[in-house]
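*Asks:* My questions are about this predicted structure, shown below with the sequence.
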Amino acid sequence: MTEDLRPVLRAVALAAGYRRRRRRPAVTVLRDVHLAARPGELIALIGPNGAGKSTLLRTLVGAQPSLAGHVLLDGRDLAALSPRQRARRLAVTLTEPVDVGQMSVEAVVALGRMPYRSWIGGEKARDRAAVDRALADAGVEDLRHRPLTDLSDGERQRVMVARALAQEPAVLVLDEPTAFLDVARRIEFAAMLTRLAATTGAAIVLSTHDLGFALRRADQVWLVGGDGTVTAGAPEDLAYGDAVTRTFTGENMSFDDAAATIVVADGTEPGATVRVVADGRLRQWAEHAVRRAGWEPTAEPCGHVLSIEHGAPCRWDVNGARGAGFDSLVAHLRDRTAPLPEDARTG
Ligand SMILES: Nc1ncnc2c1ncn2[C@@H]1O[C@H](COP(=O)(O)OP(=O)(O)OP(=O)(O)O)[C@@H](O)[C@H]1O
């Protein structure tokens, strides 16, 4: 992203949390948060459960008051802006379901134009054009006459993005927008957001539990650490440094650099080592099966050798024992978890 673009949204020494209410004590969830979102940036907010992602998003959009510090929208204090002024620059889709009765998709998306309408004025050509563009950008044109209640969760999510886009915002904030989506829709949705950030020039901030998506797609990651801090940076800086590892890895979890994701060990001690002889994807999935069986794959010479050949099912050979399919391979390896005497690497 261009460094000299002025941030549209900033957090300055922000503290976010909950004020004391009746018998509930005050809770400061995040403190001394400094963040900047620039036009056209796709920003992923990540962090463990309960770390404060929703609290931060709600504070950034003014849905809950900050405990200290400021949120600046176009350099102006968010708290000093009227709801209408905010809504012309900032659009939000939070996770709470929206009750819109039997309204059509088109009518729901047109709600996004409210900040631009006067009480007496009707829909203008500009409003209609913005709604059409939003429907197209979010890929829901085909659904425009359907009642929102008839749609799948994934379709509804896209419609809510279209409603937000119809606001023509400078900042678009989405709380876990990919939560209901299957893998294919998630990838499509990610591509759509990347395209939207580039074409509309909006800064898009979204919270997600999809670490791979955040690291592969985002221009910036805001990492909520679970200790009251938020670290901002390029995905590579946070992954290459120890920020991601520190936040997400624990006793049984480690960060796999190549896969850009967290891998969870199943708690068993690594068993014997086996040399895997295969190529490409077959090798990858053979190693996957080997790990699932509690063994360690290696490319080095060693006492156990797994040769595997393409086929449906694939054919495998472990030190002369043969079988077909990964299921039987895993069963075979599990039966032999106790390392054989010859398991000492013969290197
Ligand atoms: N209304 C509230 N009053 C007091 N504490 C709250 C309130 N809402 C949330 N919290 C607390 O604030 C902390 C952060 O919660 P938040 O929902 O922001 O986390 P999150 O990162 O969005 O979690 P998740 O990934 O599970 O959605 C949690 O400890 C939570 O219990």
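*Replies:* Right, received. Where do you want to start? As the structure is a prediction and not an experimental result, all values here were calculated from the model.
*Asks:* Residue numbers of the stretch 201-347 of the chain in contact with the ligand?
*Replies:* By the rule Cβ under 6 Å from any ligand atom, the part of the stretch 201-347 of the chain lying against the ligand is Val224. Placement of C-beta: from N, CA and C, glycine included.
*Asks:* all helices of the stretch 201-347 of the chain, in order?
*Replies:* With DSSP state H, counting those that start in this stretch as the definition, the stretch 201-347 of the chain shows helices at residue ranges 211-217, 235-240, 243-248, 280-292, 326-335.
*Asks:* So for Gly75, which of those sits nearest?
*Replies:* helix 235-240 (26.1 Å; Cβ to Cβ).
*Asks:* Distance from the chain centre to the closest one, please.
*Replies:* In terms of Cα atoms, centre = their mean, to the nearest Å, the centre of helix 235-240 is found 15 Å from the chain centre.
*Asks:* one step back: okay if I get the helices of the stretch 201-347 of the chain as CSV plus mean neighbour count?
*Replies:* Output for those, formatted as CSV (neighbours: other Cβ atoms under 10 Å):
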stretch, mean neighbour count
helix 211-217, 20
helix 235-240, 17
helix 243-248, 19
helix 280-292, 16
helix 326-335, 16
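*Asks:* okay, the ones you listed in TSV with mean pLDDT and distance to Leu165 next?
*Replies:* Below are those laid out as TSV (pLDDT from 0 to 100; distance: least, Cβ to Cβ, whole Å):
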stretch	mean pLDDT	distance to Leu165
helix 211-217	87	18
helix 235-240	89	25
helix 243-248	85	30
helix 280-292	89	38
helix 326-335	90	44
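*Asks:* Mind putting those into CSV with distance to Ala87?
*Replies:* What follows is those, written out as CSV (distance: least, Cβ to Cβ, whole Å):
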stretch, distance to Ala87
helix 211-217, 27
helix 235-240, 31
helix 243-248, 33
helix 280-292, 48
helix 326-335, 53
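*Asks:* And those: which comes nearest Thr55?
*Replies:* When those are compared by Cβ to Cβ, helix 243-248 sits nearest Thr55, at 16.3 Å.
*Asks:* Just give the closest residue to whatever residue of the stretch 151-300 of the chain ends up closest to the ligand, not the sequence neighbours.
*Replies:* Going by Cβ to the nearest ligand atom, the ligand is nearest to Val224 of the stretch 151-300 of the chain, at 6.0 Å. Closest residue to Val224 apart from its sequence neighbours, by Cβ to Cβ, 6 or more residues apart in numbering: Gly47 at 3.1 Å.
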